[in-house]
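Visitor: Predicted model and sequence below, questions to follow.
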Amino acid sequence: MWVAAVRATVVAMNLSKCVERLFTPAKRPGRVGAEVELIPVTDSGKPRPVDPQVLASGFDADFVATAVPSFEPGGQLELSPPPRPNADALAKDLRALLRRAAEIASARGVRLEAEGVNPHHTAAEVPLRTRSPRYLAMQAAFDETGPDGRRMMRLTAALQIAVDLLPGSAGREQWLVANLAGPPLAAAFSTSDGERTRIWQGADLRRTGYDGRHLDVADPVGAYQAFAAAAPRLPIPQTADPGYHLSTVFPPVRPRGGYLEVRYLDAQPPWRIREAVATVATLLYDARARRDALDLLLPRATDQDRAWREAAAGFSPESRDLLSITGSALITGGVS
């Protein structure tokens, strides 16, 4: 019993150190990054799922170097270009990469759809494309709580936005705003009528946190550590490493050591990517926008479960005011 207690203490200390590193601010903050996910389907007749190798065979060295393409468990294409100094530069890069990706796909009879949820198929119709121990264990873990884990892995697509973490109180504000803005922004930028948010809420909340359980206004780091500690470890050896275990929790916003990864936006059509990126970047970098957003959102900080359920229903009462805050900041010279 004593040995077990000591082991548990050591595990908790190691996890605590890893979580603290996740909240380390950036050395030279100011960049904006994004990962764009797209759903490939055949472009003639009834849309069918596409084997990732069909697309990968068309990736040349330049596309691989600039887009850093990869595939999600259900075959969703993910483009992960390097971060840029501002939202406009990033949006310009993404437009060029999306055009190139569309050309590669079209040459192989494939269409890339920017939808939060695959509109053509069920999870049963889309195989688990990457059958690694990680994804097999993850699928089994999600299966314990219902079908939404499989739907999330195989059918959903996102626009994930990365913003450097500022030091001190500004970084704490960033973390709170990024999280509390989740329901109103998810509703405002939904391309799936809230379905993607419903899927994430329906998956294992111990791992997804789509009820705010990972969030505490007074102790952000401690709350995140408690959230990660409570999430069941996947039954694979790698999760003995607390850093790896932290990669198996998927809250709406994930600290990544130097930056925050905003994960709750549906995949966006190319024409709206710049607006989505600029909105998140402005909220997190512009000091006045952050504080105005906190004034708006803090009253509901302890009611995140309800806020996310509203977003899953396709509406958030704070969406209009939050977009007004970011619009005003951009007009008056905020983050471009």
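Guide: That came in fine, so what should we check first?

Visitor: can you count the residues close to the residue lying closest to Asp43 once chain neighbours are set aside?
Guide: Once flanking residues are discounted, Asp43 sits nearest to Arg111: 4.1 Å by Cβ to Cβ, 6 or more residues apart in numbering. The C-beta positions use only the backbone N, C-alpha and C, and glycine is treated the same way. By other Cβ atoms under 10 Å, 16 other residues sit near Arg111.

Visitor: measure Arg111 to Pro237 for me?
Guide: 40 Å (Cβ to Cβ, to the nearest Å).

Visitor: Same check on Leu294?
Guide: Leu294 is 42 Å from Pro237, by Cβ to Cβ.

Visitor: and those two? which has more neighbours close in?
Guide: Remark: of Leu294 and Pro237, Leu294 carries more neighbours, 17 against 9, as counted by other Cβ under 10 Å.

Visitor: same question for the strand or helix carrying the more buried one, mean pLDDT?
Guide: Per DSSP states H and E: Leu294 is located in helix 287-297. Confidence over helix 287-297, taken as the mean pLDDT, stands at 97.

Visitor: Same question for stretch 323-336.
Guide: Mean predicted confidence for stretch 323-336 is 67.

Visitor: all numbers from here: first residue = 296
Guide: Sounds good: first residue 296 from here, last item stretch 618-631.

Visitor: which stretches of the stretch 496-631 of the chain have low pLDDT?
Guide: Along the stretch 496-631 of the chain, segments meeting pLDDT under 70 span 623-631.

Visitor: Was I right to think the residue nearest to Asp338 contacts Gly340?
Guide: No: the criterion here is Cβ atoms under 8 Å, and Arg406 misses it with Gly340 at 11.6 Å.

Visitor: Nearest spatial neighbour of His416, chain-adjacent residues omitted?
Guide: Of all residues not flanking His416 in the chain, Pro344 sits nearest, at 6.1 Å (Cβ to Cβ, 6+ apart).

Visitor: coming back round to it: off-centre distance for the helix holding Leu589?
Guide: Per Cα atoms, centre = their mean, to the nearest Å, the displacement of helix 582-592 from the mean C-alpha position of its chain is 22 Å.

Visitor: which ones are touching the residue nearest to Asp338?
Guide: Pro335, Val336, Thr337, Asp338, Pro342, Ala400 (Cβ atoms under 8 Å, 6 or more residues apart in numbering).

Visitor: Find the helix or strand that it is a member of.
Guide: strand 405-408.

Visitor: The helix or strand just after that strand - contacts with which helices or strands?
Guide: Downstream of strand 405-408, the first helix or strand assigned by DSSP H and E is helix 428-438. Packed against helix 428-438 by the contact rule (3 or more Cβ pairs under 8 Å, 6 or more residues apart in numbering; DSSP states H and E) you find helix 443-450.

Visitor: Just the residues contacting the helix it packs on, thanks.
Guide: Residues outside helix 443-450 that contact it (Cβ under 8 Å, 6+ apart): 334, 367-369, 412-413, 416-418, 421-423, 430, 433-434, 436-438, 493-499.
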